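Asker: give me coordinates for this.
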Amino acid sequence: MKKFDAVVIGDVNIDLVVVGCNQIPQPGQEIFVDNMMMHVGGGAALFTIALAKLGLHVAFDGVLGNDGYGHYIRERFAGYGIDTSMVRTSGTSRTGITIAINPELDRSFITYVGSNAELDVEELDLGQIALGRHVHVTGYRGRRNHTEFVAMAKRLKEAGATISCDVGWDDTGEWYSGVFELMQHVDVFLMNETEALHYTGFERIEDSLSYMSGFSPHVVIKLGPQGAAAMKDGLQTMSPGFPVEAVDTTGAGDSFNAGYIYGFLTGLDVETCLLYGNVCGALSVGAYGGSTGTPDREGLEAFIRLRQNR
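Answerer: Numbering: from 1, shown residues only. I've put the predicted structure just below:
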């Protein structure tokens with residue numbers, strides 16, 4: 001028996017959300033905004049919270065600073081029942097911070113990476129991580145850590161864990177083709193539409209899915225408000241999104257991931273996994289903060305019942 005339903009590896013930081021900021025102050029100028037709020041941020045952390053809210057026993061593996069923000073994040077995790085025994089404390093860096101400016105319109109960000117920069121795949125305790133029956137990994141950086149990621153995935157598979165990976169944006173612009181090798185060792189490979197088209201070089205999602213199915217048996221592509229698509233064992237499935245009023249789209253993709261992986265880990269079919277992912281993504285954009293609007297299991301089911309009865 002495994003100790004955790006899932007272990008999540010990746011980034012965690014503070015999100016300072018600035019609401020109603022329509023201009024950047026000039027030197028010596030002060031501007032006033034509608035609100036400022038502090039939330040837990042970072043894609044891996046938001047996925048972890050969303051999965052825990054759905055009722056799974058989750059552990060987080062990452063690096064925090066020895067500061068007030070780090071203590072705040074640990075407390076927030078504990079409030080959701082998230083195990084933090086694998087979280088390491090940096091002796092040199094402070095906890096990362098992202099300032100999200102005007103998230104209700106076209107978001108802009110100012111980021112201090114902080115202690116997240118110290119997360120090194122080669123230094124992870126894979127024995128501890130393998131206590132999860134499933135492992136979700138983020139932080140793939142293409143050529144910069146490809147070899148380490150493939151080695152980690154192989155070892156976790158040997159230890160009996162299933163693996164999901166959200167590949168994330170390639171800030172180098174290379175879109176390293178080695179990602180297709182990594183796909184071969186991952187049970188569920190997730191990305192958004194822009195990432196999929198960049199990696200494959202195709203112009204249509206259907207073509208991208210078909211191409212990637214030659215490397216991975218289970219690929220999922222997030223299409224934003226349009227929903228999502230998946231290719232599993234050669235069968236392509238499309239699922240429409242839900243029209244909702246968006247307040248803050250931060251973390252919508254991570255919430256989708258949590259809904260989808262929740263379905264995967266509870267043995268549901270692809271159609272239901274896509275449904276759960278789309279519901280979680282839709283609900284997440286209705287509140288400020290990347291995890292504030294994500295539903296618990298009761299909220300997920302209530303949303304589905306409401307839509308089915310219309």
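
Asker: show me where the chain has its helices.
Answerer: If DSSP state H is used as the criterion, the helices of the chain fall at 43-53, 68-79, 126-129, 146-158, 179-183, 193-200, 205-212, 252-265, 270-284, 297-308.

Asker: how about TSV for those helices, with mean neighbour count added?
Answerer: Using the backbone N, CA and C atoms, a C-beta is placed for each residue, glycine as well. What follows is the helices of the chain, written out as TSV (neighbours: other Cβ atoms under 10 Å):
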stretch	mean neighbour count
helix 43-53	28
helix 68-79	16
helix 126-129	15
helix 146-158	17
helix 179-183	20
helix 193-200	19
helix 205-212	18
helix 252-265	27
helix 270-284	25
helix 297-308	13
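
Asker: out of the ones you listed, nearest to residue 27?
Answerer: Each of these was scored for nearness to residue 27 using Cβ to Cβ, and the closest is helix 68-79 (27.5 Å).

Asker: what's the angle between that closest one and helix 43-53?
Answerer: What separates the directions of helix 68-79 and helix 43-53 is an angle of 30 degrees, with axes from the mean of the first three to the mean of the last three Cα atoms, to 10 degrees.

Asker: list the helices and strands helix 68-79 packs on?
Answerer: Taking 3 or more Cβ pairs under 8 Å, 6 or more residues apart in numbering; DSSP states H and E as the contact definition, the neighbouring helices and strands of helix 68-79 are strand 13-19, strand 35-41, helix 43-53, strand 63-65.

Asker: residue 185 is nearest to which of those?
Answerer: Across those, residue 185 has its closest neighbour in helix 43-53 (18.9 Å, Cβ to Cβ).

Asker: what's next to that closest one, contact-wise?
Answerer: Contacts to helix 43-53, defined as Cβ atoms under 8 Å, 6 or more residues apart in numbering, come from residues 5-6, 8-13, 40, 58, 60, 62, 73, 76-77, 80-82, 136, 138-139, 166, 168, 251, 253-255, 257-259, 261-262, 280, 284, 290-291, 294-296.

Asker: redo that, cut-off 7 Å
Answerer: Residues from elsewhere that reach helix 43-53 (Cβ atoms under 7 Å, 6 or more residues apart in numbering): 6, 8-12, 40, 58, 60, 62, 80-82, 136, 138, 166, 251, 254-255, 257-258, 261-262, 280, 290-291, 294-296.

Asker: type out the PyMOL command that picks the buried ones from the residues you listed.
Answerer: Filtering the contacts of helix 43-53 down to the buried ones (16 or more other Cβ atoms under 10 Å) takes a single PyMOL command:
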select buried, resi 6+8+9+10+11+12+40+58+60+62+80+82+136+138+166+251+254+255+257+258+261+262+280+290+291+294+295
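
Asker: let me have the helices of the chain in JSON lines, extended by mean pLDDT.
Answerer: Output for these, formatted as JSON lines (pLDDT from 0 to 100):
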{"stretch": "helix 43-53", "mean pLDDT": "98"}
{"stretch": "helix 68-79", "mean pLDDT": "98"}
{"stretch": "helix 126-129", "mean pLDDT": "94"}
{"stretch": "helix 146-158", "mean pLDDT": "96"}
{"stretch": "helix 179-183", "mean pLDDT": "97"}
{"stretch": "helix 193-200", "mean pLDDT": "97"}
{"stretch": "helix 205-212", "mean pLDDT": "96"}
{"stretch": "helix 252-265", "mean pLDDT": "97"}
{"stretch": "helix 270-284", "mean pLDDT": "97"}
{"stretch": "helix 297-308", "mean pLDDT": "92"}
